[in-house]
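In: Structure of the sequence below:
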Amino acid sequence: MTSDEVYKLIENNGLTLHGDIEHFAELVAQRERDELTVMFLEAHEGAKDNHNYWHVAANKIKGKT
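Out: Residues are numbered from 1 along each chain as shown. Now for the predicted structure:
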C-alpha cells in the first residue's frame, strides 16, 4: 500500500494511529488479501487456456508484486 492509501484507510474508518492500531492492522491485512485475490483472478483469466497454467499464472502474479 502507498502512504496515500494508508492515510485514506485511516481517514475513511475514523481511526487514529495510536488508539486504533490493532483495528488498522486488520484493515490493512484485509486490503492486502483483497488485492491478492484480484491478482490471482486476473492471472487465472489470462492463463486458463495455457497448457502450463500454474507456471503462467505464477509468473503473472510475480510480475505484479
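In: Just give the nearest non-adjacent residue to Leu9, would you?
Out: Leaving aside its chain neighbours, Leu9 sits nearest to Leu27 (5.6 Å; criterion: Cβ to Cβ, 6 or more residues apart in numbering). For every residue, glycine as well, the C-beta is placed using N, CA and C.
In: Report pLDDT for that neighbour.
Out: We have a pLDDT of 87 for Leu27.
In: Tell me if I'm right that it and Gly14 touch.
Out: No - taking contacts as Cβ atoms under 8 Å, Leu27 lies outside contact range of Gly14: 11.4 Å.
In: So for those two, which sits in the more crowded spot?
Out: Leu27 (17 against 7; other Cβ atoms under 10 Å).
In: OK, contacts around Asn59?
Out: Neighbour list for Asn59: empty [criterion: Cβ atoms under 8 Å, 6 or more residues apart in numbering].
In: Would you mind giving the secondary structure of it?
Out: helix (DSSP: H, G, I helix; E, B strand; the rest coil).
In: which residues in this structure form helices?
Out: 3-12, 21-47, 53-64 (DSSP state H).
In: Comparing those helices by mean pLDDT, which bottoms out?
Out: Note on the helices of the chain: lowest mean pLDDT is at helix 53-64, with a mean of 72.
In: Pull out the buried residues from that one.
Out: 56-57, 60-61 (16 or more other Cβ atoms under 10 Å).
In: if you skip the residues just before and after it, what's nearest to Glu42?
Out: Lys60 (7.1 Å).
In: Then Asn13?
Out: Counting by Cβ to Cβ, 6+ apart, the residue nearest Asn13 is Leu27, at 6.3 Å.
In: May I have the residues that are in contact with that neighbour?
Out: Leu27 makes contacts with 9, 13, 15, as judged by Cβ under 8 Å, 6+ apart.
In: make it 10 Å
Out: With contacts defined as Cβ atoms under 10 Å, 6 or more residues apart in numbering, the neighbours of Leu27 are 6, 9-10, 12-13, 15, 20.
In: can you put these in CSV and add neighbour count?
Out: Output for these, formatted as CSV (neighbours: other Cβ atoms under 10 Å):
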residue, neighbour count
Val6, 15
Leu9, 16
Ile10, 16
Asn12, 9
Asn13, 11
Leu15, 15
Asp20, 15
